[in-house]
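Asker: Build me a structure from this.
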Amino acid sequence: MEISSRKKLMVFSGSANEALAREVANILGTNLGGVERSVFASGEIYIHYTESVRGADCFVIQSHTNPVNFHIMEQLIMIDALHRASAKRITAVVPFYGYARQDKKGRPREPITARLMGDLFLAAGADRIVSVDLHTGQIQGFVNTPFDSLTAVPVFVEYLKQNLDGPTTIVSPDTGGVKRASKYARHLGAAVAFVHKRRRVDVRNEVTALEVVGEIKGRHCIIVDDIIDTAGTASAAADLLMERGALSTRLVATHGVMSPPAVDRLKNAPITEVVISNAIPVPDDATNLDKLTVLSIGSLLAGTINAIFTDASVSEIFAGENV
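Answerer: Okay, the predicted model is just below:
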């Protein structure tokens with residue numbers, strides 16, 4: 001008996017960002033796989049796939065947005081269901097990776113929750129993980145399975161090239177993001193600067209910008225970051241840049257979490273434009289933010305999924321920038 005080799009691609013979406021998942025599926029020339037998602041009265045999550053997944057290469061797209069713990073658990077249950085239904089390979093596609101900022105111990109007796117996240121994915125049955133602009137690259141090493149750390153830099157660079165209007169400096173809002181800022185600067189032919197800040201370890205989301213290092217005066221500044229949460233860091237950095245003689249400031253970040261009071265801070269900050277991706281849906285209270293621009297990473301995710309499915313190189317899509 002002889003069985004010809006066949007490969008079947010199936011893309012599924014959690015409830016966090018179905019619009020992005022549908023866009024990815026359309027680019028791949030397929031439809032989202034059938035899945036029934038519901039919640040019991042007790043709050044427990046129920047998942048049921050409405051079609052066979054046996055032998056399929058399955059991709060489960062889910063961003064860990066608010067409510068974060070619900071969306072994480074929903075994706076884990078979806079992966080477990082695929083594993084038990086004999087899917088050939090399961091890839092967790094996580095445009096926004098939950099708990100990524102808890103990647104190390106800042107004080108005694110703290111967890112490293114980003115490591116726990118990796119353990120949960122492996123326990124559920126994931127064979128591979130894909131994410132976009134992780135808070136730190138070391139998270140890739142927290143799991144003993146392939147972990148593709150993508151970047152939205154190509155999408156933002158293409159947009160910024162069309163909107164640069166003079167001498168430009170790419171600014172990292174902290175020392176840890178200088179490598180990210182350097183990537184932007186290399187593609188845009190811009191200078192690099194960073195803000196020295198102080199963050200209280202006993203209070204969440206409170207930051208003070210102290211000084212900026214780099215060429216700022218008489219230049220247009222673009223602050224680049226991975227996440228806009230409460231916008232405290234970005235607002236403090238923008239205030240400092242304008243005080244130091246910047247012509248304008250623009251904010252670019254992959255993940256627009258926009259937790260309160262982010263929208264109010266961004267409205268009042270000296271920032272001309274806030275550019276984010278659709279890795280997570282725009283919060284309702286941010287939809288009326290006039291200075292907000294949302295770019296799509298659907299083509300990046302679709303290209304990555306296609307490369308994984310066909311066993312091609314993911315790095316070639318990003319010219320090696322995805323490390």
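Asker: Quick check: residue 260 is in a helix.
Answerer: No - assessed with DSSP: H, G, I helix; E, B strand; the rest coil, residue 260 is coil; it does not lie in a helix.
Asker: Please report phi then psi for residue 68.
Answerer: Dihedral angles of residue 68 (phi, psi; degrees, to the nearest 10) stand at phi -60, psi -50.
Asker: Would you confirm that it contacts residue 98?
Answerer: Yes - between residue 68 and residue 98 there is a contact under C-beta atoms under 8 Å: 5.1 Å. The C-beta positions use only the backbone N, C-alpha and C, and glycine is treated the same way.
Asker: Give the buried residues for stretch 167-181.
Answerer: 168-174, 177-178, 180-181 (16 or more other C-beta atoms under 10 Å).
Asker: Residue 59: which of those residues is nearest?
Answerer: Closest approach to residue 59 among the buried residues of stretch 167-181 (C-beta to C-beta): residue 180, at 26.3 Å.
Asker: so where does the closest residue to that closest one other than its chain neighbours fall, helix or strand?
Answerer: Take residue 180 and drop its neighbours on the chain: the residue closest to it by C-beta to C-beta, 6 or more residues apart in numbering is residue 224, 5.9 Å away. Assigned by DSSP states H and E, residue 224 belongs to strand 220-228.
Asker: continuing past that strand, what's the next helix or strand?
Answerer: Scanning forward in sequence from strand 220-228 by DSSP H and E, the next helix or strand is helix 232-243.
Asker: Give me the packing partners of that following helix, helices and strands only.
Answerer: Other elements packing on helix 232-243 under the criterion 3 or more C-beta pairs under 8 Å, 6 or more residues apart in numbering; DSSP states H and E are strand 191-199, strand 207-213, strand 220-228, strand 248-256, helix 262-268.
Asker: if you set the cut-off to 6 Å instead, what comes out?
Answerer: strand 207-213, strand 220-228, strand 248-256 (3 or more C-beta pairs under 6 Å, 6 or more residues apart in numbering; DSSP states H and E).
Asker: buried set for it?
Answerer: 232-242.
Asker: So if I had to pick from residue 68 and residue 98, which one is more boxed in?
Answerer: Neighbour count, other C-beta atoms under 10 Å: between residue 68 and residue 98, residue 98 has more, with 21 against 15.
Asker: so the more buried one is in which element?
Answerer: Short version, using DSSP H and E: residue 98 is in no helix or strand.
Asker: mind listing what it touches?
Answerer: Shown in contact with residue 98 (C-beta atoms under 6 Å, 6 or more residues apart in numbering): 64, 68, 72.
Asker: any chance of the residues you listed in JSON lines, plus distance to residue 57 and pLDDT?
Answerer: What follows is the contacts of residue 98, written out as JSON lines (distance: C-beta to C-beta, whole Å; pLDDT from 0 to 100):
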{"residue": "64", "distance to residue 57": "23", "pLDDT": "98"}
{"residue": "68", "distance to residue 57": "27", "pLDDT": "97"}
{"residue": "72", "distance to residue 57": "23", "pLDDT": "98"}
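Asker: From the residues you listed, pick the one nearest residue 93.
Answerer: Using C-beta to C-beta, the contacts of residue 98 come closest to residue 93 at residue 64, 11.6 Å.
Asker: Quick check, that closest one in contact with residue 70.
Answerer: No - with contacts counted by C-beta atoms under 6 Å, residue 64 stays clear of residue 70, the gap being 9.4 Å.
Asker: with the contacts of residue 98 in mind, which one is nearest to residue 103?
Answerer: residue 64 (14.4 Å).
Asker: And the nearest residue to the closest one once chain neighbours are set aside, its phi and psi?
Answerer: Residue nearest to residue 64 in three dimensions, not counting chain neighbours: residue 98, with 3.2 Å by C-beta to C-beta, 6+ apart. Dihedral angles of residue 98 (phi, psi; degrees, to the nearest 10) stand at phi -70, psi 150.
Asker: For residue 98, give its distance to residue 78.
Answerer: Remark: distance between residue 98 and residue 78 (C-beta to C-beta, to the nearest Å) = 15 Å.
Asker: could the contacts of residue 98 go into JSON lines alongside distance to residue 282?
Answerer: Shown next, in JSON lines, are those (distance: C-beta to C-beta, whole Å):
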{"residue": "64", "distance to residue 282": "16"}
{"residue": "68", "distance to residue 282": "17"}
{"residue": "72", "distance to residue 282": "20"}
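Asker: number of nearby residues for residue 244?
Answerer: Considering only other C-beta under 10 Å, residue 244 is surrounded by 14 other residues.
Asker: was I right about it contacting residue 216?
Answerer: Yes - with contact defined as C-beta under 6 Å, residue 244 counts as touching residue 216 (4.7 Å).
Asker: any common contacting residues for those two?
Answerer: Common neighbours of residue 244 and residue 216 (C-beta under 6 Å, 6+ apart) do not exist.
Asker: Fine by me, thanks again.
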